[in-house]
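Trainee: fold the following.
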Amino acid sequence: MTGKCITKPTIIVSFLVLSCYVSSVGQGRRTSPRAQTRPPAIDYSKFSHATQKHQGACNTCHKMPTDSWQKTRAYPDITDYPDHAACVSCHRPQFFRSDRPVICSVCHTKVSPRDDARFPFRKPTSLLQFSIIFPHDKHQDVIAQLQPPLVFPRATFNHRVDDKAQLYNNCTICHVQQTDAPRPPNNAWADGFVPDTASFKTAPSGHASCFNCHWKSQQPIAGNCAGCHARADNPYLAANSPVRISLKFNHERGGEKKNHVAECTTCHINITKSATLRGLKPDVPITACTECHNKDGLRQDVSRELTAIDKNPAFVCVYCHTSEVGKRDPPPRHYLIAERPPLSRKNIK
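Mentor: Got it, this is the predicted structure:
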């Protein structure tokens, strides 16, 4: 036989080298375990339509109309939260976790097997999760049509009017004179000026006026929730009160001739072209006011107050505005109406 003989010391050294390599590999694996991440805990006391599994068809959970709608409405409507079956279908483990499941606090005022009282629908303290899709431009001509009384179960809406009345683009089918005292913005009226109920018009806060046309015959019908409601990008608070720049304006006032009682779109010209409620403001251009309030041979209210500022830069315009608005610089369009160049109070000497 030929070749080198492997001695015993050589075998021992090789074994030791192999042992060290295996040991180092093993230690490396033990010191670098895979990162184990746990999903964040779910707060079942809060419900969000932004959850992917909550974005199915509305009738998956909501029943239209709810069984007890007669108790709170004069027309078929959704007046209550979904029943237990809608929750248990996905949340059985949370529903039967204890005798007081946290998930029940979404709808119930008390989590107790002996108390089934629920929060009002919708819960007043919760943020709004949907915005409203309402195109004024599509409705402005439709609502002006002469109609006999529209009747569906438990509700009657009478739109019969004098044939001689001008109804083009009439908004009063949905926006009527307010009967309840208006709520103050930020819980306080500026300068203690409290507008009366005739100062404001109501805005629909439910389905009553919508279901006149959209109950069963015209899309989006009552069961097509997504036709009017779109999930908002972020939950938000409902506006406490409309923003009124000219707070002292009164819809029912205007002297003996009731000059403020006119076709709504005579002044609210921007509303008629709006295809969405997003960013919509019920603002009125100054030209609509100055047809009466700054016209030769009539009144010169705008020019009179601009002249008062010329004499005293601290003068507060109070004919239309409260002090929080009236102490600011008049907008350039006010000066344009008075045929004068814009002027800032700080530049008056």
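
Trainee: tally of neighbours for Cys317?
Mentor: Residues near Cys317, counting by other Cβ atoms under 10 Å, number 21. (Glycine included, C-beta is placed from N, CA and C.)

Trainee: ok, now which ones touch the closest residue to it other than its chain neighbours?
Mentor: Among residues not flanking Cys317 along the chain, Gly326 sits closest, at 3.8 Å (Cβ to Cβ, 6 or more residues apart in numbering). Neighbouring residues of Gly326 by Cβ atoms under 8 Å, 6 or more residues apart in numbering: 316-318, 320.

Trainee: any idea of the pLDDT on Arg340?
Mentor: Per-residue pLDDT puts Arg340 at 93.

Trainee: helix, strand, or coil at it?
Mentor: The three-state assignment at Arg340 reads coil, by DSSP: H, G, I helix; E, B strand; the rest coil.

Trainee: residues contacting it?
Mentor: Counting by Cβ under 8 Å, 6+ apart, Arg340 has contacts Leu306.

Trainee: sorry, back to before: most neighbours among the contacts of Gly326, which one?
Mentor: Cys317 (21 neighbours).

Trainee: please identify the helix or strand for that one.
Mentor: Cys317 belongs to no helix or strand when assigned by DSSP states H and E.

Trainee: can I get the contacts of Gly326 in JSON lines including distance to Val302 and pLDDT?
Mentor: Converted to JSON lines, the contacts of Gly326 look like this (distance: Cβ to Cβ, whole Å; pLDDT from 0 to 100):
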{"residue": "Val316", "distance to Val302": "15", "pLDDT": "97"}
{"residue": "Cys317", "distance to Val302": "9", "pLDDT": "96"}
{"residue": "Val318", "distance to Val302": "13", "pLDDT": "92"}
{"residue": "Cys320", "distance to Val302": "9", "pLDDT": "93"}
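
Trainee: nearest to Cys90 among these?
Mentor: The shortest approach to Cys90 among the contacts of Gly326 belongs to Cys320, at 55.0 Å (Cβ to Cβ).

Trainee: ok, now which ones touch the residue nearest to Thr322 when sequence neighbours are not counted?
Mentor: Nearest residue to Thr322 in three dimensions, chain neighbours excluded: Ala190, at 3.9 Å (Cβ to Cβ, 6+ apart). Neighbouring residues of Ala190 by Cβ under 8 Å, 6+ apart: 247, 322-324.

Trainee: state the pLDDT value of the residue nearest to Cys317.
Mentor: Per the predicted model, pLDDT is 96 at Gly326.

Trainee: can you give me the helices in the stretch 151-300 of the chain?
Mentor: 211-214, 286-293 (DSSP state H, counting those that start in this stretch).

Trainee: right, so those: which one is the most enclosed?
Mentor: Most buried of the helices of the stretch 151-300 of the chain, by mean neighbour count (mean count of other Cβ atoms under 10 Å): helix 211-214, with a mean of 18.

Trainee: mean confidence score for that helix?
Mentor: Rounded mean pLDDT across helix 211-214 is 86.

Trainee: how near is the residue nearest to Cys317 to Gln177?
Mentor: Note on Gly326: its distance to Gln177, by Cβ to Cβ, to the nearest Å, is 26 Å.

Trainee: low-confidence ranges, the chain, go.
Mentor: Within the chain, the segments meeting pLDDT under 70 span 1-36, 141, 143-169, 240-242, 254-257.

Trainee: since that was my last question, I'll sign off now.
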